[in-house]
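**Q** just need the structure, nothing else, for what follows:
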Amino acid sequence: MRWLFLVIGAAILAVVAAVIIVLPPSDDDPPVTPSQAAVTKSASAEPTPQVSAFTDDCGTFDTGEKAPYAVTGYWITPKSNPCTWRKQLQEIHRVGGDTIIRIGYGLQFRTVSDSGEILAKDGTVDPLYKACEEDGLTCYDAAVRDLKEANPGNRVGRTYVYRTDELFGKDLFRCPQLEHTIEAGKRTYFRLITQADGSDDSTCDFTGKARSYDMILVTGSSTDSLTQLLDLADQFGMRVYPALPLAPRDAKTPIRAERRHLGTLTTLTRRILQDYGVRFADRESLGGVYQPFEVQMAATLATNPTLEVYADQHTIVEQELPGKPILISPYLDARQRVPFGQTPKQVAEGFKALVKTGVGIIAPQDSRGTGKVGLFWPDERDSEVDERLRPVVGESTYETAYHGSTRDYYREMAAARQEMLDSGYTVQLWANVEAFEPSGDEPCAPQGTRGKTDKERLDQAVTMAGRYVQKIVSYMWSDFMTCGKPSLEEEITKDWQRPIAVDAIRRPRDVQDGLEVRGYNLKDSTITVQWSGGTSELGVSSAGWLDEDPIEEELPDGMATAWVPFDWDKVPAGEWVKIGVKVPSGKATTELLHVRIVT
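**A** The predicted structure is shown next:
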């Protein structure tokens, strides 16, 4: 039907320009029209698998998709066993995943004992760094010795540690006369000597004016996990976002980065990205980098020092990995009964503050898994909250518990994004739908009480956010997608063909009034419209048309557009209408769209 769509395209545009009545999901706001000019293709132009299957020491792995779902990216945690990663990526790719976001590690300020041993936060000797020795000296004492040999007035003022499972190259070092690799037993350490202000003096002159330096001691691995992960991503046709170093937290306000340590963090980030730039700049499987320091989306976000981290690291990424964006995933809190709960408008201001730091992808957590935001429609505000939310907000209505629903927040962030695109910024809005519940009979994570959710609830989250974003990702694969019997992975594999509708608008086509629905698995579907005066079932194949590859570049992968004729004069003005989709197999949307006419 694509040829027919093109032939009558001009006529459609003329009709739409003359009269278009929109059915928004909440209130009377029109849908956001994305700007096509300022968009990158990183979310949709994914590489393809190298082969249909490959074999290595971990076994034989199938690289084909089996059950492509609306969620196409997942967080994973570092694993010491490379076979675990292979299994995870195979599982993720089978359900349509093409993006991997890696959880990372944090830069930590540490104190040192009188004998030169690095201490843990509880004051005991940290066993992770105890083995680090040079010439019979601890690595700290050896660094002090080498600095003083250059100038007797030099000293180590502050000591930091950073743990990773990567094996960096020589480009991690700026000044090889004082910076080098230290092999100690089964561990590889990297010693960096830096200036506290983050300037990273390229002269490497330690003999002139006596200075106080920072020492960063990195404990790494004998094999490089990122190389392994990128190689694996090449096999599956995926993209990887490795984590940047996490900033040290403010001791008094842990949700903020500590300003005193930002210079050292900047230096470590620069060094790591210099190394990446030499080794990985041309790797298609390197999608970008992930900054794991979370912030709350709030109107006051512009004053948070963590945004300095984002801005500094964005500058370094532009220099060392041009074309590779920084991805961040801030969280929402819509609760009415806490002083820091934010309205959708306040969150939109926070979104704009984040864009101004230069980050390229903002993937806000929908916060339904933590119970900080609810999934509900405007005509459901007086309904009792989902019982799974009660451990967080108690027994109450949605109106009492929350400032707004997930859909309200993503709508406002999409509008804020459009404003920033119009101002010359380039940024994508992704949705991070949380694949867990606030608590459960059987906790899924090794720590905490978070429990298993189900595919129906995940479909609901996709319905609420999917209209406004360029991609949908989820925190996280292990343990939340693989927990319980059946696991979410198993539920998706069995139920992936169920349709999910994310949007419905009134749209005339030629001389016919009608309804356009956007969503997943719409082929051969029937669209159901329910209102006070009755129900209509409208076959897409028999009465309408389906575009499985819409021309809009910003739609998430797999999203299609269907149109059916419908006489909207039958529906009373201002009435909430429920719209669903079902397919020949009998599967139907479990979450109906709630829309109303704007007059």
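
**Q** check which helix or strand covers the residue sitting furthest away from the middle of the chain.
**A** In the chain, the greatest distance from the average C-alpha position (C-alpha atoms, centre = their mean) is reached by P152, at 48.3 Å. P152 belongs to no helix or strand when assigned by DSSP states H and E.

**Q** state the distance from it to F206.
**A** 11 Å (C-beta to C-beta, to the nearest Å). For every residue, glycine as well, the C-beta is placed using N, CA and C.

**Q** next one: Q108
**A** 25 Å.

**Q** do the same with K352
**A** 44 Å.

**Q** what of E489?
**A** Going from E489 to F206 by C-beta to C-beta gives 54 Å.

**Q** give me the element P391 is part of.
**A** Going by DSSP H and E, P391 is in helix 390-393.

**Q** which residues are contacting the next helix or strand after that helix?
**A** The C-terminal neighbour of helix 390-393 among helices and strands, as given by DSSP H and E, is helix 398-401. By C-beta atoms under 8 Å, 6 or more residues apart in numbering, the residues outside helix 398-401 that reach it are 335-337, 374, 376, 380-383, 385, 389, 393-394, 405.

**Q** got the contact list for the residue farthest from the centre of the chain?
**A** A210.

**Q** now do the same end-to-end measure for stretch 281-294.
**A** End-to-end distance for stretch 281-294: 26 Å, by C-alpha to C-alpha, to the nearest Å.

**Q** again with stretch 353-371
**A** Here the two ends of stretch 353-371 are set 25 Å apart, with distance taken as C-alpha to C-alpha.

**Q** what's the closest non-adjacent residue to D146?
**A** The shortest distance from D146 to any non-neighbouring residue, by C-beta to C-beta, 6 or more residues apart in numbering, is to L178 (5.5 Å).

**Q** assign the one you found to helix, strand or coil.
**A** Of the three states, L178 takes coil under DSSP: H, G, I helix; E, B strand; the rest coil.

**Q** now P443: how far from S221?
**A** Applying C-beta to C-beta, the value for P443 to S221 is 30 Å.

**Q** could you pull out the strands for the stretch 401-550 of the chain?
**A** 428-434, 471-475, 500-506, 514-520, 526-531, 534-539, 545-547 (DSSP state E, counting those that start in this stretch).

**Q** tell me what the following helix or strand past the last one is packed against?
**A** Toward the C-terminus, strand 545-547 is succeeded by strand 560-565 as the next helix or strand (DSSP H and E). Taking 3 or more C-beta pairs under 8 Å, 6 or more residues apart in numbering; DSSP states H and E as contact, the helices and strands that strand 560-565 lies on are strand 514-520, strand 534-539, helix 540-543, strand 545-547.

**Q** now the helices: where do they sit in the stretch 201-350 of the chain?
**A** Taking DSSP state H, counting those that start in this stretch, the helices of the stretch 201-350 of the chain run over residues 225-236, 262-280, 306-320, 344-355.

**Q** the nearest residue to P245 once chain neighbours are set aside: neighbouring residues, count only.
**A** Leaving aside its sequence neighbours, P245 sits nearest to L107 (C-beta to C-beta, 6+ apart; 4.7 Å). Using other C-beta atoms under 10 Å, L107 is surrounded by 21 other residues.

**Q** strands paired with the helix or strand where L107 lies, and their directions?
**A** Assessed by DSSP H and E, L107 sits inside strand 107-110. Strand 107-110 has its sheet partners listed here by DSSP bridges as strand 155-163 (antiparallel).

**Q** need the residues that contact the strand it pairs with.
**A** 105-112, 118, 126, 128-129, 140, 143-144, 147-148, 196, 210, 212-219, 245, 261, 264, 268.

**Q** what's the first helix or strand after that strand?
**A** Per DSSP H and E, the helix or strand that comes after strand 155-163 is strand 180-184.

**Q** what sits up against that following strand?
**A** The contact list for strand 180-184, computed with C-beta under 8 Å, 6+ apart, reads A131, C132, E133, E134, C139, F173, T188, Y189, F190, R191.

**Q** ok, now which ones touch the residue lying closest to V473 once chain neighbours are set aside?
**A** In this structure, V473 finds its nearest non-sequential neighbour in G73, 3.5 Å apart by C-beta to C-beta, 6+ apart. Taking C-beta under 8 Å, 6+ apart, we find G73 in contact with G97, D98, T99, I100, I101, W430, K471, I472, V473, S474.

**Q** can I get the contacts of helix 398-401 in CSV with distance to A299 and neighbour count?
**A** Compiled in CSV, the contacts of helix 398-401 are given as follows (distance: C-beta to C-beta, whole Å; neighbours: other C-beta atoms under 10 Å):
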residue, distance to A299, neighbour count
R335, 16, 20
Q336, 16, 15
R337, 19, 11
G374, 21, 26
F376, 23, 26
E380, 26, 17
R381, 23, 17
D382, 27, 10
S383, 28, 13
V385, 25, 23
L389, 24, 24
V393, 22, 23
G394, 26, 11
S405, 19, 24
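
**Q** so for this structure, the centremost residue is which one?
**A** A363 (4.2 Å).

**Q** quick check: it touching V473?
**A** Yes - contact criterion C-beta atoms under 8 Å: A363 and V473 qualify, at 5.8 Å.

**Q** please enumerate the shared neighbours of these two.
**A** With C-beta under 8 Å, 6+ apart, A363 and V473 have common neighbours W430, A431, N432.

**Q** the strand holding L107: what's the following helix or strand?
**A** helix 127-130.

**Q** following that following helix, which helix or strand comes up?
**A** strand 133-134.

**Q** quick check: closest non-adjacent residue to T300.
**A** Closest to T300 by C-beta to C-beta, 6+ apart is G350, at 7.9 Å.

**Q** same deal with D224?
**A** L167 (3.9 Å).

**Q** C58 too?
**A** Closest to C58 by C-beta to C-beta, 6+ apart is C83, at 3.7 Å.
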